[in-house]
Each structure stands twice: as structure tokens, then as C-alpha cells.
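**Student:** take a look and give me a structure for this.
(2 chains)
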Amino acid sequence: GQSLEQPSEVTAVEGAIVQMNCTYQTSGFYGLSWYQQHDGGAPTFLSYNALDGLEETGRFSSFLSRSDSYGYLLLQELQMKDSASYFCAVSDNQGGKLIFGQGTELSVKP
Amino acid sequence: NAGVTQTPKFRILKIGQSMTLQCAQDMNHNYMYWYRQDPGMGLKLIYYSVGAGITDKGEVPNGYNVSRSTTEDFPLRLELAAPSQTSVYFCASSSPDRSTNEKLFFGSGTQLSVL
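**Tutor:** Okay, the predicted model is just below:
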């Protein structure tokens, strides 16, 4: 089976940097994904890490440590529009069967 | 391209009624998924499919059925609706390419209430 843990809420101020963590337990592991969901909307893909290390895409970076079963999403230069829920997700050894965490709700304050 | 299209957007059912949630994608993706999301919670995988004619159970399959007769369509069937099935349902698809199959494209969702 698989399980993922994320903090339920994080609050940060505009312009700051925020890190959202994800720890996981899986029987098999292919990679860690991150998705963003604004209230009432569909989730959208942000990033994917299959190997240890940091992946950067603009203001977003994602990190993975396979030995620690841990990853995080880093958002820099926070903007009000970044207020949303952020989900980590893993696939099991079958591939394609993506399981999501409960999500972290990020609130960005002026 | 339309991407992933779900219908209907909203539906109210009475306990015991049946319905089918429709999902279609035009990206020629082999992988398709159905998730449900309860308020304030994460997405729970109901069923998924890795290609036409192949389906498999996810985390919460009880009370649902699926079929995959074509690459494009992946309908979800509720046979005897129960209040516990009140949720938002998302359909998604992805390419089987190993480097991109964790990049899911989601439909806009169906908000279902069972009363």
C-alpha cells in the first residue's frame, strides 16, 4: 500500500519563500509529483522528480530524497495567486496508478 | 484541443438512483483515471485504465463500475447511489511515456449530491 503525509496548512507573506513537505511510504516507487489546485478548480501539474535532487521551473522547485522517502515543493517570490492547495502524489510499482496526499493549503497574506 | 471533457458538471441524485459520469479525452492518452474529492480532502483513486479493454481498481472502488471500450472514453457508473457518494468527481488522463505518465491532465469535475 501507499501513504503520504503533508502538513494541512501553511501561511506565508507575499514575496517570501515557502517550503511544503511530503513524506511517503510505498511498496514500490517511481517518482514524486506535485499538483496545484485552486478552490473549486481542477488540479494542475507542477513538477515531477524521479531522481534525487532539485528540479527548478521558474519560481517553483521540487526536491526528492529517495533514501529518506521525502520531498518538498519550494515556492519563491510568493504572489497572492499562489494561494491554493498543493498535493504530492506517488505511483506504485505498477506505474500509472497515481495516489495523492491530503494536500497542504497555502495562504499568502499581503 | 478540448483536453479532458467531463459531463455533467452538476447532478443531484436520489438514494438508489443510477447514473453514468462521462469522460472523454482527445489527446490519444492511454492512461485514464477517476478520482473523487470530498470537501477539504485529497483525491482518492476510484478506478484507472492503462488502455482500451483494461481497467483496474484504485483505493475506493466499491459502489462504482467502469468500462473502457475506446481510447477516448472512460465512463464511470454509479449503480445504487448512496449519500456517501456525494463528492466532486475528477477524470484525468496521461501519456504512457515513462517520463510523462505522472503528468495528469484533469477534467473540470462533476459535482454530485446524493440526497
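
**Student:** name whatever forms a beta bridge with the residue most central in space within chain B.
**Tutor:** The centroid of chain B falls nearest to B:Trp34 when counting by C-alpha atoms, centre = their mean (2.7 Å). On the basis of DSSP bridges, B:Trp34 is bridged to B:Tyr47, B:Cys91.

**Student:** any regions of the chain where pLDDT drops low?
**Tutor:** Went with chain A since none was named. By pLDDT under 70, the weakly predicted segments of chain A are A:93-96.

**Student:** actually, chain B is the one I wanted.
**Tutor:** B:1, B:98-101.

**Student:** related to what we said a few turns ago, hmm, the residue nearest to the centre of chain B is touching B:Leu76, no?
**Tutor:** Yes: using C-beta atoms under 8 Å, B:Trp34 is in contact with B:Leu76, at 4.9 Å. No exception for glycine: its C-beta is placed from N, CA and C like everyone else's.

**Student:** quickly list what's touching both of the two.
**Tutor:** Taking C-beta atoms under 8 Å, 6 or more residues apart in numbering or on different chains as the contact rule, B:Trp34 and B:Leu76 both touch B:21, B:23, B:46-47, B:64, B:66, B:89, B:91.

**Student:** what subset of the residues you listed is buried?
**Tutor:** The neighbour count (16 or more other C-beta atoms under 10 Å in any protein chain shown) marks B:21, B:23, B:46-47, B:64, B:66, B:89, B:91 as buried among the shared contacts of B:Trp34 and B:Leu76.

**Student:** which residues of chain B lie near chain A?
**Tutor:** B:31, B:33, B:35, B:41-45, B:48, B:50, B:56, B:58-59, B:90, B:94, B:96, B:98, B:101-109 (C-beta under 8 Å from any C-beta of the partner chain).

**Student:** ok, of these, which come out buried?
**Tutor:** Using 16+ other C-beta under 10 Å, the buried ones in those are B:31, B:33, B:35, B:42-45, B:48, B:50, B:58-59, B:90, B:94, B:101-109.

**Student:** what parts of chain A come near chain B?
**Tutor:** So far as C-beta under 8 Å from any C-beta goes, chain A lies against chain B at A:30-31, A:33, A:35, A:41-45, A:48, A:87, A:89, A:91, A:95-103.

**Student:** ok, now with 6 Å
**Tutor:** A:31, A:33, A:42-43, A:45, A:48, A:87, A:91, A:96-97, A:100-103 (C-beta under 6 Å from any C-beta of the partner chain).

**Student:** still on that earlier bit, now, the buried ones among the residues of chain B next to chain A that are in helices?
**Tutor:** Among those, no member falls in helices (criterion: DSSP state H).

**Student:** let me see the contact set for A:Pro110.
**Tutor:** A:Glu14 (C-beta atoms under 6 Å, 6 or more residues apart in numbering or on different chains).

**Student:** now with 10 Å?
**Tutor:** A:13-15, A:80 (C-beta atoms under 10 Å, 6 or more residues apart in numbering or on different chains).
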